[in-house]
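Q: return atomic coordinates for the entry below.
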Amino acid sequence: MAVSPAERMKNYRKRRKRDGSYNILKAKDRIRKNTARSRLPPRRLAELRTKQNINLRKHRAKIQKKVSLVPRKSSFGSKQMREKAVKQASESLPANKSKQVEIIKAPGRRGKGTVKEDDEKKIYQRRFLLFNLREAYGIFTNENPTIQISRSSIAHLRPPYISVKSSTSHSTCTCIYHENVHLLLKSIYNHIHTLKSLDLRPFIELIVCDDETEACMMMKCDACIDRFDEKVTKQIKNEKKNIA
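A: Predicted coordinates for the structure are as follows:
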């Protein structure tokens, strides 16, 4: 079978690398090309530079196209980065019992899913997040400010047996008690200094001591009964504007 010139040159470089003379040949070739370029007139040298730049752009475009055709298996740069993120997430979230309350179990036999781990099939009870991934990412970054991780990585690390809220049959509650709170939060977001997010959970944590205590949520706690006025009402950017 005939060998192309490119393949012959590739095989030649491999042989020179094996016998240790590749770097010596490169140095000799570099001296030869520099000598040849120094003898060219300015016009010919400019044409050569232009031709080299065009070839370099074509080569980079070819490499970029080749890389883009290969599907990326993970959002992490390396396997070590992924394993480190998995370890940090598994140590912080599952070990915290209060976080497990926010992930509800699916009842019955049909609420189980099969997951393949290390070439073995394991059965897990299917669970559902009580909030979306954006809110989960905000909670994780607030509680773990030293861990650098993106929202796409959080989504990638989600176990397959834990489903997001949008996949459930009732993904959104639009009753007047819940939807009106979200609409009010959106309307005052651009007018309050202390609001950093449109999510409901950070807003609740801003105005109460403990969102799991009934006294705080029913405005019967002496420590946070005036916190709404301090954190929201008195933090209006434009005091002349009525946002009530």
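Q: which strand or helix spans residue 156?
A: Counting by DSSP states H and E, the element that carries residue 156 is helix 151-157.
Q: what's that helix packed up against?
A: helix 79-92, helix 133-143 (3 or more Cβ pairs under 8 Å, 6 or more residues apart in numbering; DSSP states H and E). No exception for glycine: its C-beta is placed from N, CA and C like everyone else's.
Q: so which of these is nearest residue 38?
A: Nearest to residue 38, of all the helices and strands packed on helix 151-157, is helix 79-92, at 47.3 Å by Cβ to Cβ.
Q: which residues in this protein form helices?
A: Secondary structure of the chain (DSSP state H): helices at 5-19, 22-38, 42-69, 79-92, 97-100, 133-143, 151-157, 176-188, 200-207, 214-217, 227-231.
Q: indicate which one of these is closest to residue 163.
A: Taking Cβ to Cβ as the criterion, helix 133-143 is the member of those that comes nearest to residue 163, at 11.1 Å.
Q: next, the angle from the closest one to helix 200-207.
A: When axes from the mean of the first three to the mean of the last three Cα atoms, to 10 degrees is applied, the directions of helix 133-143 and helix 200-207 differ by 40 degrees.
Q: list the buried residues for helix 133-143?
A: Within helix 133-143, the residues that qualify as buried by neighbour count (16 or more other Cβ atoms under 10 Å) are 133, 135-140.
Q: let's have the residues you listed in CSV, adding distance to residue 37.
A: Formatted as CSV, the entries for those read as follows, by distance: Cβ to Cβ, whole Å:
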residue, distance to residue 37
133, 57
135, 61
136, 59
137, 55
138, 58
139, 61
140, 57
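Q: sounds good, over and out.
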